[in-house]
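> what follows is a predicted structure for the sequence shown.
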Amino acid sequence: MNFDHAFIITYGRSGSTLLQGLLNTIPGAEIRGENANLLFFIYKISEGLQICKRQKAAATDSTHPWFGADRIPFDTYHRDTLDLFKRDVLAPREGRSLIGFKEIRFQIPYPQLAGYIDYLRANFSRTAIIFNTRALDAVIESNRKAKHFVVEDKVREADANFRRLAEERPDHCYRVHYDDYTADPEALRGLFDFLGAPFDMERIQETMAQTHSVRTSTVSTN
């Protein structure tokens, strides 16, 4: 296997639950579903800690607006928070060689998404980013039918960001398109080669024949 971790990044109604299932046909893989983007918030915590750290030299006086920042254990706080996520949320079962999860909440500006990917690569060994795209008119219509109130421009911006990053970072980013691989599963072979994983067409076809969708609350989509 070329990677230890694989994270699916997409938008809602892209068919990412199916992709999650397809990746789980790989022997030793455990790709989980959504977790309300908890890891992204830990990334934002790490950014906040860096802001605090820049103030610590002058924050020893009670008249300073950042008073007490010098007493924050920046590195320990971040490490402990990240370790909790790895232990309690990611928490792979024994013997798993490829772990990760999928997440749909990435209607964010390009620099922020690029920074988050850098963070993942810095904190998780041998990380692959898999972007899942779909025909945008179908995505937007599916969100409307599901009464998920998304901003169309944000979805289109996210799609452009995914495509751009996949082109800019081919060593660790790969994009698949739902409409392509549902029409012809062979379209997934390049992804499996990228991951260094066996491509078992029989298991893939069996998985594609199963219903993959999320039926929880309106905060989760597939």
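All right, it came through fine.
> and stretch 59-67, what's buried?
Going by neighbour count (16 or more other CB atoms under 10 Å), the buried part of stretch 59-67 is Ala59, Trp66. C-beta: built from backbone N, CA, C; applies to glycine.
> hang on, Phe131 in a strand?
Yes: residue state for Phe131 (DSSP: H, G, I helix; E, B strand; the rest coil) corresponds to a strand.
> okay, it: pLDDT?
We have a pLDDT of 98 for Phe131.
> next: the one 10 residues further on.
For Glu141, the pLDDT comes out at 86.
> who's in contact with the helix or strand hosting it?
For Glu141, the host element (DSSP states H and E) is helix 136-145. Helix 136-145 is contacted by residues Tyr11, Gly12, Arg13, Ser14, Phe149, Val150, Glu152, Val155, Arg156, Asp159, Asp179, Thr221 when judged by CB atoms under 8 Å, 6 or more residues apart in numbering.
> can you count the residues close to the third one?
Meaning Arg13. Neighbour count for Arg13, taken as other CB atoms under 10 Å: 24.
> which non-adjacent residue is nearest it?
Excluding the flanking residues, the one nearest Arg13 by CB to CB, 6 or more residues apart in numbering is Ser142, at 3.8 Å.
> before we move on, what about the fourth one?
Of all residues beyond its chain neighbours, the one nearest Ser14 is Arg134 (4.5 Å), with distances taken as CB to CB, 6+ apart.
> that neighbour: what's it in contact with?
Counting by CB under 8 Å, 6+ apart, Arg134 has contacts Arg13, Ser14, Gly15, His177, Tyr178, Asp179.
> try 6 Å
Ser14, Gly15, Tyr178 (CB atoms under 6 Å, 6 or more residues apart in numbering).
> now the phi/psi pair for it, please.
phi -150, psi 160 (degrees, to the nearest 10).
> for it, give its distance to Ser16.
9 Å (CB to CB, to the nearest Å).
> could you do Ser142 as well?
Distance from Ser142 to Ser16, by CB to CB: 12 Å.
> Provide the secondary structure category for the residue of the chain positioned farthest from its centre.
Relative to the centre of the chain, the most outlying C-alpha is that of Thr63, 41.7 Å out, by CA atoms, centre = their mean. At Thr63 the chain is in coil, as set by three-state DSSP.
> Thr182 too?
helix.
> quick check, Ile8 in a strand?
Yes: under three-state DSSP, Ile8 sits within a strand.
> dig out what it forms beta bridges with.
Lys102, Ile130 (DSSP bridges).
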